[in-house]
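1. no letters, just coordinates:
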């Protein structure tokens, strides 16, 4: 089969897995859309070093299974390849998102201004704690469908994890360019991020399970909790 | 709408939280000691919501099927908490204690703790003044008959004991001699029996007489003159009634 006249670039551009091509001076020669997003969370040097570290001993391509984590990106493998001394490529394999067993219950969802729920939960937090909170919320976010009770429980648990933290920063924003597929439909993502100098992790399991019930993906790290909420309208 | 006064930051945050979620369908519970204003707070925030006590389980279940906004008081008295479906309803519950923490955690989105009156001195003063006004009008007293700062504050059972102390204090301080005689009459009627009762009940008169006298005149010498009795007799009586 002769494929030489076919232009594969657009297929690569729109591949959901990040793909980057470096030259031997670590300059980026090509990156696809997904890699562009990845660069929001990882540095060029970091990824170039990764490519060198996992490069095959001689010309060719090598796939290594490993667990990689850059913010909300998680990968289970990378393929590093080079066919000459000039260029080296790295491709990342996305870890599949675990699908909740329960389908989304649309009748439970009510059009809600998420800022209201967030502020009410902050007021609740303040009845129990005196820590200072910094809130940076996008008040232009449109109302969208939320299981108000379930989501409030999740917010309460999430904030509770920061009950004795200092300098808590809460940001609520729309993740530009990122989407999630729910019941076959592409949805925008609203991200709620809470950061502090540290936090409790005793309720992490509960937070994950509550998030999953509401089709929210949760990222629980040492000092941060991020909730990615599908914007269902 | 009845006003709900508070100067406590914590309570103000509870009110703020409720005001923000007023139009949403979330379940909230206010937990705190008895008689600290949980029900009044719920009523103040949701003046039109039907109200039912957790003591009446059948009625709670019935209303949960019929309405989507409900105040449930004494939530701790419900024995079927786990099986209640509070989803997609505006529920405001109040409880004197948490009970099963896991259940509460599971069914309520917002769990507020209302501080007791001991933790809210400014609120306590406000409620005290309110009760005093109420007592003055009920007992038909003139304002200058007493000093507010002399009224003891008993918060062992929060507003209930606070109210009781105010009423008893004001009643005791507004009695005339007829009232006092009547009170003693009733007391003696109930307690008179035995063979040395004259002496036994003399204390009802002598003890307050000597105590008040000592406070007013300071020394036993002066008091014995005012009372017109011998100093030794007075000393003997002080000893008898164990007055310090």
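-> Noted; the coordinates are in hand. What you see is a predicted model; the values in this text were computed from it and never measured.
2. after the host helix or strand of residue B:138 comes which helix or strand?
-> Using DSSP states H and E, the element containing residue B:138 is helix B:121-139. Past helix B:121-139, further along toward the C-terminus, the next helix or strand under DSSP H and E is helix B:159-172.
3. how distant is the next helix or strand after that following helix from the center of its chain?
-> Downstream of helix B:159-172, the next assigned helix or strand under DSSP H and E is helix B:177-191. Relative to its chain's centre, helix B:177-191 lies at 27 Å (C-alpha atoms, centre = their mean, to the nearest Å).
4. residues making contact with the helix holding residue B:138?
-> Here helix B:121-139 makes contact (C-beta atoms under 8 Å, 6 or more residues apart in numbering or on different chains) with B:5-8, B:11, B:117-118, B:141, B:143, B:148, B:151, B:153, B:155, B:159, B:162-163, B:166-167, B:170-171, B:174. All C-beta atoms are positioned from the backbone trio N, CA, C, and that covers glycine.
5. I figured residue A:13 hits residue A:32, correct?
-> Yes. Here residue A:13 reaches residue A:32: they are 5.1 Å apart, a contact under C-beta atoms under 8 Å.
6. so residue B:21 is in contact with residue B:110, correct?
-> Yes. Judged on C-beta under 8 Å, residue B:21 makes contact with residue B:110 at a distance of 6.9 Å.
7. need the overlap of contacts for these two.
-> A:120, A:152, B:28.
8. sec struct for the closest residue to chain B within chain A, please.
-> Nearest residue of chain A to chain B (C-beta to the nearest C-beta) works out as residue A:152 at 3.3 Å. Using DSSP: H, G, I helix; E, B strand; the rest coil, the structure places residue A:152 in helix.
9. who touches it in this structure?
-> When contacts are counted by C-beta under 8 Å, 6+ apart, residue A:152 touches A:117, A:120-121, B:21, B:26, B:109-110.
10. higher neighbour count, residue A:13 and residue A:32?
-> residue A:32 (22 against 15; other C-beta atoms under 10 Å in any protein chain shown).
11. can you list the residues of chain A near chain B?
-> A:108, A:110, A:112, A:116-117, A:119-121, A:123-124, A:126-128, A:147-150, A:152-153, A:156 (C-beta under 8 Å from any C-beta of the partner chain).
12. any quick PyMOL command for the buried ones out of the residues you listed?
-> Buried subset of these, written as a PyMOL selection, criterion 16 or more other C-beta atoms under 10 Å in any protein chain shown:
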select buried, chain A and resi 108+110+112+116+117+119+120+121+123+124+126+127+147+148+149+150+152+153+156
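13. re earlier: skipping its backbone neighbours, what lies nearest the residue of chain A closest to chain B in space?
-> Nearest residue to residue A:152 in three dimensions, chain neighbours excluded: residue B:109, at 3.3 Å (C-beta to C-beta, 6 or more residues apart in numbering or on different chains).
14. surely residue B:109 meets residue B:26?
-> Yes. Using C-beta under 8 Å, residue B:109 is in contact with residue B:26, at 4.5 Å.
15. shared neighbours, those two?
-> Here residue B:109 and residue B:26 have A:148-149, A:152 as joint contacts, going by C-beta under 8 Å, 6+ apart.
16. could you redo these as TSV and give each row pLDDT?
-> Output for the shared contacts of residue B:109 and residue B:26, formatted as TSV (pLDDT from 0 to 100):
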residue	pLDDT
A:148	88
A:149	88
A:152	91
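17. closest one of these to residue B:210?
-> Residue B:210 lies nearest to residue A:152 out of the shared contacts of residue B:109 and residue B:26, by C-beta to C-beta, at 64.7 Å.
18. that closest one and residue B:85, how far apart?
-> 16 Å (C-beta to C-beta, to the nearest Å).
19. now swap in residue A:30 and tell me
-> Counting by C-beta to C-beta - residue A:30 and residue B:85 are separated by 55 Å.
20. higher neighbour count, the two?
-> The neighbour count for residue A:30 versus residue B:85, taken as other C-beta under 10 Å, is higher for residue A:30 (14 against 10).
21. if I look at the residue nearest to the more buried one when sequence neighbours are not counted, how far off is residue A:73?
-> Nearest residue to residue A:30 in three dimensions, chain neighbours excluded: residue A:21, at 4.2 Å (C-beta to C-beta, 6+ apart). Distance, residue A:21 to residue A:73, using C-beta to C-beta: 19 Å.
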